[in-house]
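Asks: model this:
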Amino acid sequence: MHGIVLFAHGARDPEWAKPFEAIRDVVRRKRPEYPIALAYLEAMDPPLEGAIASLVQEGASSITVFPLFMAQGGHLKQDLPRILEAIRASHPHVPIAQESALGDSPELLEAIATWVLARIE
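Replies: The predicted structure follows:
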């Protein structure tokens, strides 16, 4: 069973998490066979380690982390690889892959541009 982690930055305001929770809920509704968790880098729970441990407890035999960041900044270039290295050492039997940032997706960039243009035309 393949697990999915949506990984976001985190914020002190709990309202900030609403869009990410909505993404999680849509994925869960469309593909209930994939266990899914939302994790945060800082300021919110669960951290990535806890989300992955939870999916492993649910029986995930492999996991993909989807960073919900617009660009490959310092958090994705330095922090996330370091965090994943430690997590992989704790779960050596579970392959953990990492996808690229949302902003690397041409489909998402096109959707955002379409959204912007729809509001001024």
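
Asks: remind me which residues of the chain are low pLDDT?
Replies: 73-74 (pLDDT under 70).

Asks: Tell me which stretches of it form helices.
Replies: For the chain, the helices defined by DSSP state H occupy 18-30, 48-57, 74, 80-90, 106-118.

Asks: Now do the fourth one: which elements does it pack against?
Replies: Secondary-structure packing of helix 80-90 (3 or more C-beta pairs under 8 Å, 6 or more residues apart in numbering; DSSP states H and E): helix 48-57, strand 62-67, strand 96-98. Every residue, glycine included, has its C-beta placed from N, CA and C.

Asks: Quick check: buried residues in it?
Replies: Buried residues in helix 80-90, counting neighbours by 16 or more other C-beta atoms under 10 Å, are found at 80, 83-84, 87.

Asks: Can you tell me which of those residues comes closest to residue 112?
Replies: Using C-beta to C-beta, residue 80 comes nearest to residue 112 of the buried residues of helix 80-90, at 22.6 Å.

Asks: can you tell me how far the closest one sits from residue 9?
Replies: Distance, residue 80 to residue 9, by C-beta to C-beta, to the nearest Å: 11 Å.

Asks: what residue is smack in the middle of this protein?
Replies: When the chain is reduced to its mean C-alpha position, the nearest residue by C-alpha atoms, centre = their mean turns out to be residue 6, at 2.0 Å.

Asks: Now for residue 87: which residues touch it?
Replies: 48-49, 52, 96 (C-beta atoms under 8 Å, 6 or more residues apart in numbering).
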